[in-house]
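I'd like to go over a predicted model; first the sequence, then the structure.
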Amino acid sequence: MMKILVTVKEVAEVEDDFEIDGLGIDEAYLEYDLNEWDDYAVEEAVQIAEAGDDVEVVSVTIGPERSEETIRMALAKGADRAIRVWDDAFESVDLLDVAAKTRLLAAVVEKEDPDLVLTGVQAADDGFGATGVSVADEVGFEWAAVVNELDLDADGGVANVRRELEGGVEELTEVDLPAVLTIQTGINEPRYASLRGIRQAQRKEIAPMSLDDLGFDASALDSPIALTGMSEPESESDATLFEGDAEETAAQLAEVLREKGVGAQ
Amino acid sequence: MLDYVDLEADLDEEERMIRDTARRFVEEKVKPDIGDHYEAGTFPEELITEMGELGFYAPNLDGYGLPGVGERAYGLLMQELEAGDAGIRSMASVQGALVMYPIHAFGSDEQKERWLPELGTGDAVGCFGLTEPQHGSNPGGMETRAEADGDEYVLNGSKTWITNSPIADVAVVWARETSAEESPIRGFLVETDRDGVTTNKIDDKLSMRASITGEIGLNDVRIPEENVLPGVSGLKGPLSCLTQARFGIAWGAVGSARDCFETAREYATDREQFGGPIARFQIQQEKLAEMATQITTSQLLAYRLADLKERGDLRPEQVSMAKRNNVRMARDQARIAREMLGGNGITTDYSPMRHLSNLETVYTYEGTHDIHTLVLGKDLTGIAAFE
C-alpha cells in the first residue's frame, strides 16, 4: 500500500484589464481555477496510481468553501479522497504566508503519513514558490524541487527525478522516500476530467479540517509578513515594428541582432 | 462569456464542472484547427475516441459504462461543443441521440451489450439512416424495405444525408418490414461491412464541411433477425430519436450564436476606425444589444426544455418550437456578427461565417424550419397542414 498526498490550491486568475481595490484586485476581474502546476502534480499522482496496485491518492487544499469545486476537479481526475482545511479564523487573515501554510500542511502530512507528497512548483497568484520545500523541511522528508521527470521505484523506496535548474541545466538525482517533490509544468499531459469522473467525484469524500482538528488555534495563522500595498508595475515596452515582406523584415532583424552582439565571437 | 441573466449561476457543481471541461476541450482541441478542417472538408477524426473517453456520447443515459448525467448538463455539453463547430456537436448528437439512444431504448440486452460500450468510448462509430433521396420531410413515405427470409432479413433501399456513414461501423436503418402485416416501420442494426452495404461520401457540401456525410446503399443485404430493434414499431421509433437530438440542437444553437457574439464583441472593441474602436458607434452597439438579447431569450428556452425533459414532461412539439426558434436565431445573428467583422469576417480566421454556413444545414436537418412551423401549427389548431 502506497499513499500519495497532493497539495492543490485554488488560485485567482486576473483578467487582462482589471482594477485594484485597496490591497486586492476587485472580485469582478477574478476567476478561480486549479493552480496550473498543481494540475500536473495531480496527473503525476494519478498516473502512478494507475500504473501500480494499491496506491491511494489523497488531495489536500487550504481554502474556503468555494474551493471545493477546485478540489472536486482533482477527485474527478482520479484522486481518491480529499481534505479541505478551513476555519472562520482564516476570514480575517489578509495573507497566508509560507510559514503558516507549512504548519498546516505539515500537520496534515503527519496525520496522513504519506510515502510521497507532490506539490506544484509554485502558485500562479501569490507565487512564493516555497511551500513544498518548506513542508519537507518541517516534517523531515527528503525533497526535490522543480521536478520535470519522475520514475518512482516504490519497492526500493526511491524516486529517480530530473530537476530543472537555472540556465537550462538539468540534474538527475535520487531521492529517498518519504519525500516531497515539487512538480514542474510539462512533466506530463494533464487529462480532462471525464463526465464519468465528474459524476463519481460527487460521491467522493472531502473531509473538512479546522485549526482545532490539526491541533492549532488562530495564532497558527500569524505572520511577520504584512501586505502593505498593491500596485501595477510600470511596464516599459520598447517594441520595434519591422515592416515589409519576409526578406526585408529578416534583414532588419539581422541588423538589430548584430548590433546587440549576437553571433560575435 | 455571455450569460446575461446569470442562468449559469444556478448550475450545480457537477453541471459547472461539465461545462468547464467541455469548454476547455473545445478551446484546446477544437478551435486551434477547426478552420483548417472546415476549409479542407475534413473531420478531426482523432477527436472521436477522445470525446468517447471523456464521456461525450449519450452521457444522459445510464448503464453500460455511461455516466448518466442530467439533461441540463447534457444540454450544456451540446452548447459548448457547438461553440466550437456544429460538426463536432453533430458527431456527438448522432452517436448519442440517434444511435445509442434507440439501442438503449428499444434494443435487446444482447444488442445493448454488443454496441453501447463500444459506441460510448468511440471505439465504434454509428450512423442513423432515415432520410431517403425521395423522402425527406415525409419519412413515412420511405421505400427502403426489409423482407423476412427464414431467420434472416433481406434489406433493399437507399438512405442519404447520413452523418458519419462513410466511417460508421454500424447503421441504425429504418425500413418497412414488408413481410409483416401493414408493413410497419422497424429499426435494423446493419453492420456496414456486410455484403451489399455501400456508404458513399457526399463531397460537394458548402455547409457543415467539418463533418462527414454520406449515403447508405442497401442491395440485398442479409442480416440476422437478432439485429431488429425489438422494442419499437412505427414512425414513433425514429421520431423519438429525433426529439432527443433536437433537444441537443436547441442548446447547440445557443453555443454557436454565443461564439459569434463573443467574436464580434471582441473585434468591435479592438478594431479601430476613425480614431477609435468601432464599438463606440451606435450602429455596432445596436447589433450587439440585439444579438445578446436574442441569444439570452433562446438560452432561456433551452433551460426550460431541460427542466421539462428532466421531469419527463417534455412534449415533442415543445422541442420543435425550441429547435425552430433557436436555430433561426443563431443563423440570423451569425450573419450580423459576420457583418461586424467586415472583410476579415469572410476568412477562416474568424468563426462567424463558418457558424453561419453550418447553420444552413442545422436549419434544414432534423426537421426543416418550415416543417417545425407546421408541427406547431398542428399542435395549436388541431389541424395538420401536411397530411
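Received, thanks.

Excluding residues flanking it in the chain, which one is nearest residue B:22?
In this structure, residue B:22 finds its nearest non-sequential neighbour in residue B:80, 3.7 Å apart by CB to CB, 6 or more residues apart in numbering or on different chains. C-betas here are computed from N, CA, C, even on glycine.

and the residue of the stretch 101-250 of chain A found nearest chain B, what is it in contact with?
Distances between the stretch 101-250 of chain A and chain B by CB to the nearest CB are smallest at residue A:195, namely 3.4 Å. By CB atoms under 8 Å, 6 or more residues apart in numbering or on different chains, the contact set of residue A:195 is B:18, B:21, B:54-56, B:59, B:67, B:69, B:73, B:77.

Let me know the closest of those to residue A:179.
residue B:21 (31.7 Å; CB to CB).

Count the neighbours of the closest one for me.
24 (other CB atoms under 10 Å in any protein chain shown).

ok, it to residue B:87 distance?
According to CB to CB, to the nearest Å, residue B:21 and residue B:87 sit 20 Å apart.

which strand is the longest one in chain A?
strand A:142-153 (DSSP state E).

if we can go back for a sec, okay, the contacts of residue A:195 in JSON lines with pLDDT, secondary structure and distance to residue B:259 next?
Listed next are the contacts of residue A:195 as JSON lines, based on pLDDT from 0 to 100; DSSP: H, G, I helix; E, B strand; the rest coil; distance: CB to CB, whole Å:
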{"residue": "B:18", "pLDDT": "97", "secondary structure": "helix", "distance to residue B:259": "18"}
{"residue": "B:21", "pLDDT": "96", "secondary structure": "helix", "distance to residue B:259": "17"}
{"residue": "B:54", "pLDDT": "97", "secondary structure": "coil", "distance to residue B:259": "20"}
{"residue": "B:55", "pLDDT": "97", "secondary structure": "coil", "distance to residue B:259": "23"}
{"residue": "B:56", "pLDDT": "98", "secondary structure": "coil", "distance to residue B:259": "18"}
{"residue": "B:59", "pLDDT": "97", "secondary structure": "coil", "distance to residue B:259": "22"}
{"residue": "B:67", "pLDDT": "94", "secondary structure": "strand", "distance to residue B:259": "25"}
{"residue": "B:69", "pLDDT": "97", "secondary structure": "coil", "distance to residue B:259": "23"}
{"residue": "B:73", "pLDDT": "98", "secondary structure": "helix", "distance to residue B:259": "20"}
{"residue": "B:77", "pLDDT": "98", "secondary structure": "helix", "distance to residue B:259": "15"}
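
Strands along the stretch 151-300 of chain B, start to end?
Secondary structure of the stretch 151-300 of chain B (DSSP state E, counting those that start in this stretch): strands at B:152-163, B:170-177, B:185-191, B:197-198, B:213-224, B:272-273, B:276-277.

Over to the spatially closest residue to residue A:157 that is not a sequence neighbour: give its phi and psi.
Using CB to CB, 6+ apart and skipping residues adjacent in sequence, the residue nearest residue A:157 is residue A:177, 4.6 Å away. For residue A:177, the backbone dihedrals are phi -80, psi 150 (criterion: degrees, to the nearest 10).

Neighbours of residue A:177, how many?
By other CB under 10 Å, the residues close to residue A:177 number 17.

how about low-confidence regions in chain A?
For chain A, the stretches flagged by pLDDT under 70 are A:264-265.

how many other residues sit next to whichever residue of chain B sits closest to chain A?
Nearest to chain A in chain B, going by CB to the nearest CB, is residue B:55, at a distance of 3.4 Å. Residues within reach of residue B:55, counting by other CB under 10 Å, total 25.
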